[in-house]
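Peer 1: let me see the structure of the following:
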Amino acid sequence: MKPLEQSITIKAKLLNIDNETAQAFVQSMEKYKDACNFISQYVFDNNFELSQSKLNKALYHEIRDQFGLKSQMAQSAIRNVIARYKTVRTQLSQKPYRFDTGKKDSKGHAIWSQIPRDLDWLWKPIEFKRPQLDLQRGRDWSYLSSAQQLSLNTLQGRKKVSFVCKGFDQYLDADKWKFGSIKLLQSKQNWYVHISATTSLPEYSPEEAEHVVGIDRGLHFLAACYDEAGKTLLYSGEKVLRTRRKYKKLRAELQSKGTKSAKRRLKQIGQRENRWMSDVNHCLTKTLIDHYGANTVFALEDLTDVRFATEQTAKDKRYEMVSWAFYQFEQFLTYKANLNSSIVVKVPAKYTSQRCPKCGRIRKENRDHKQHLYVCDRCGYKSNDDRLGAMNIQLLGTLYRSGEEAPQFNKQASAE
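Peer 2: Just a heads-up that it's a prediction; the model follows:
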């Protein structure tokens, strides 16, 4: 089997940074950021050219002359801009532009249409606002095992710094882990590095799985889980909703002031909320991995192109409806599963919240959103609607494990 390359990011805090080293870091990061914005403008002005070789030929010498970057730093800046544009391109493709056509279907419902989006939808170049510096392994940074330090290249030469990172020793096994680039960042008066590390894992075959778990993601329950043994786990989202409403209220108060200090505070709050959200997703996905163990298929709904309708949701609750990081949850669960001899598969979301798991009846009206209850009008089966969604997702995951490439529910078949 072809090995699977799994990459992770190791976060470490740098210690005892003196003024000379800090100044070298700051100058290098500012020049690197300016170079990235220069490259981004060129990409935007030249039909989104993302070929490494073509950009290198057009910009390499100008980047070095204008910004004073060293050879590998210039190459790294080009790669960084290309990666950012590719990420945005993927994000745009996953969220097509939707609009109401003004027409109605036979039931009187609005007919919506969509247009795929690409980089041509950008109105201005991608801007790199936060100073940073990407350094390549070997050429620009190295690990000094004898002193347990990092050697980082700057425009003023190499700087040796001490660092702290919980569990770092496990990544020093050269037979298992391969280090990549380092990203140097500053937060207030503290300095950090994000180190990329890659390991090769044997390709995991779903047919080998001992467990299949269906996970329905939501707001009332962040994760409703149902496994092959018929056991259900529900992770409440009430505490999360209260915290998000607190942040929302605080933002509204600051926005109403409109002062410079309020705007600075708004930025800090946004960053704090993002860190908190990431921590919640990290803890939840780790809990799931630890609970179900190795050799597990985690089935998730494929939420690509899924629109969270808010027209019938109270205005003060719409923010919570559309702003939770479901995709981040999926990313965290995927890499943790890969490292634990498991796999995450995505199955179609269609009808998973409308199908009775007992008789197969699919009917939208059987679900009561306000009471979070599903009652089948055919067989009388009752269940919490989030649990029911997890049950149907688990069934699709089981079909996938059995070898069915694209399992899905068919409404016409359920009516027969």
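
Peer 1: ok, which stretches of the stretch 251-400 of the chain are strands?
Peer 2: 296-302, 343-348, 367-368, 373-375, 382-384 (DSSP state E, counting those that start in this stretch).

Peer 1: whoops, I mixed them up, the stretch 1-150 of the chain
Peer 2: With strands called from DSSP E, counting those that start in this stretch, the stretch 1-150 of the chain shows them at 4-15, 97-104, 110-115, 133-135, 141-144, 149-154.

Peer 1: the fifth one - what's its average pLDDT?
Peer 2: If I follow you right, that is strand 141-144. Averaged across strand 141-144, the pLDDT comes to 92.

Peer 1: which strands or helices does that strand pack on?
Peer 2: strand 149-154 (3 or more CB pairs under 8 Å, 6 or more residues apart in numbering; DSSP states H and E). Quick note: C-beta positions are derived from backbone N, CA and C, even for glycine.

Peer 1: mind listing what the helix or strand that the strand it packs on is followed by pairs with, with the direction of each?
Peer 2: Next in sequence after strand 149-154, counting helices and strands by DSSP states H and E, comes strand 157-164. Next to strand 157-164 in the sheet, as set by DSSP bridges, lie strand 4-15 (antiparallel), strand 149-154 (antiparallel).

Peer 1: which one of these is the most hemmed in?
Peer 2: strand 149-154 (a mean of 20; mean count of other CB atoms under 10 Å).

Peer 1: what average pLDDT does it get?
Peer 2: In the prediction, strand 149-154 has an average pLDDT of 95.

Peer 1: who's in contact with it?
Peer 2: Strand 149-154 is contacted by residues 12, 14, 24-25, 27-28, 70, 72-73, 133, 135, 139-144, 158-163, 182, 184, 193 when judged by CB atoms under 8 Å, 6 or more residues apart in numbering.

Peer 1: can I get stretch 23-33 in CSV, CA atoms only?
Peer 2: Provided in CSV are the C-alpha atoms of stretch 23-33 (Å, rounded to 0.1, in the frame of the first residue of the first chain):
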residue,chain,number,x,y,z
GLN,A,23,15.5,43.5,16.6
ALA,A,24,17.0,41.0,14.1
PHE,A,25,13.7,39.1,14.2
VAL,A,26,11.5,42.2,13.7
GLN,A,27,13.5,43.6,10.8
SER,A,28,13.6,40.2,9.0
MET,A,29,9.9,39.6,9.5
GLU,A,30,8.9,43.1,8.3
LYS,A,31,11.0,42.7,5.1
TYR,A,32,9.6,39.2,4.5
LYS,A,33,6.0,40.5,4.9
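
Peer 1: rounded mean pLDDT for the longest helix that the chain contains, please.
Peer 2: When the chain is parsed with DSSP state H, its longest helix is helix 260-292. The average pLDDT for helix 260-292 rounds to 89.

Peer 1: do stretch 203-221 as well
Peer 2: For stretch 203-221, the per-residue pLDDT averages 89.

Peer 1: just to revisit the earlier point, now, of the strands of the stretch 251-400 of the chain, which is deepest in the fold?
Peer 2: By mean count of other CB under 10 Å, the strands of the stretch 251-400 of the chain have strand 296-302 as the most buried, with a mean of 24.
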